[in-house]
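Novice: here's a sequence, model it:
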Amino acid sequence: MPYTGEVTVGGPADVRELPGLTITKVATNPFNNNCYLLRDTASGETLLIDAAGDPERLLEALGDGTLVGIVETHGHWDHQQALADVVKATGAPVLATQADAADLPVPVDRVLADGDTVAVGPHTLTAITLVGHTPGSVALHYAGEGGHLFSGDSLFPGGVGNTEKDAARFATLIDDVENKLFAPFPDSTWVYAGHGSDTTLGAERASLPEWRERGW
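Specialist: Here you go, the predicted model:
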């Protein structure tokens, strides 16, 4: 079946096969969060993006892979409910920004800053910090096959992440999203968000002025 990015809590994962890299999307409780497992098909090395919930489900999806890291896109509690259990089961290091590290239930083993790289076998993802939804949200960009962007809760189909009607936070986030995501990357870039459906930068680009005007 072709990848659609449409998943539901309790339903099957959706799997995307890229050359040498498999992306598995799983929907988990408590708030229908998306978790992503990126597996190098040659070595079995796997990166988990957001241990949001349902640790047993995530470990099942990991299978016989070797978890080489867990990237927390931000410190909100709904994205970390499975973190302690997955760390206990696998011993995998936790990666997050310094600004959000204190909000996590386990120590951060590696602090991520703009431009840092995260490896899964021979595949490299680049960290992009985004301020506004939280002080230290981070997205990961994989350049292969037209581009793949794991945006956490900073970018969704139809808008940026929640900034709680704080004009300053919204201004920072929309600036970061426009300058750090839309400006450097092509329309073909696939966006994997922290909740709900996927999108592409091309599908959202024309709406940026509307988002700025409405303020959310």
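Novice: am I right that A203 is in contact with P157?
Specialist: Yes: counting by C-beta atoms under 8 Å, A203 does reach P157; the two are 7.2 Å apart. Just so you know, the C-beta spots here come from the backbone N, C-alpha and C atoms, and that holds for glycine as well.
Novice: let me know the outermost residue of the protein.
Specialist: In the chain, the residue that sits farthest from the middle, by C-alpha atoms, centre = their mean, is E213; the gap is 26.3 Å.
Novice: what helix or strand is that one on?
Specialist: Per DSSP states H and E: E213 is located in helix 208-214.
Novice: CA atoms only: put that helix into PDB for me.
Specialist: Output of helix 208-214 as PDB, limited to C-alpha atoms (Å, rounded to 0.1, in the frame of the first residue of the first chain):
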ATOM      1  CA  LEU A 208       1.900  32.000   4.900                       C
ATOM      2  CA  PRO A 209       0.600  35.600   4.500                       C
ATOM      3  CA  GLU A 210      -2.900  34.400   5.700                       C
ATOM      4  CA  TRP A 211      -1.300  32.800   8.800                       C
ATOM      5  CA  ARG A 212       0.500  36.000   9.600                       C
ATOM      6  CA  GLU A 213      -2.600  38.100   9.100                       C
ATOM      7  CA  ARG A 214      -4.800  36.000  11.400                       C
END
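Novice: can you show me the CA trace of stretch 180-197 as CSV?
Specialist: Output of stretch 180-197 as CSV, limited to C-alpha atoms (Å, rounded to 0.1, in the frame of the first residue of the first chain):
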residue,chain,number,x,y,z
LYS,A,180,14.2,28.2,8.6
LEU,A,181,11.8,25.9,6.9
PHE,A,182,10.0,27.5,3.9
ALA,A,183,12.9,29.6,2.7
PRO,A,184,15.6,27.0,2.4
PHE,A,185,13.6,23.9,1.4
PRO,A,186,11.6,23.1,-1.8
ASP,A,187,7.9,22.5,-2.2
SER,A,188,8.5,18.8,-2.5
THR,A,189,9.6,18.6,1.2
TRP,A,190,7.2,16.2,3.0
VAL,A,191,6.2,17.4,6.5
TYR,A,192,5.6,14.9,9.3
ALA,A,193,3.8,16.7,12.1
GLY,A,194,3.4,15.8,15.8
HIS,A,195,-0.4,15.3,15.5
GLY,A,196,-2.7,14.4,12.6
SER,A,197,-2.0,14.3,8.9
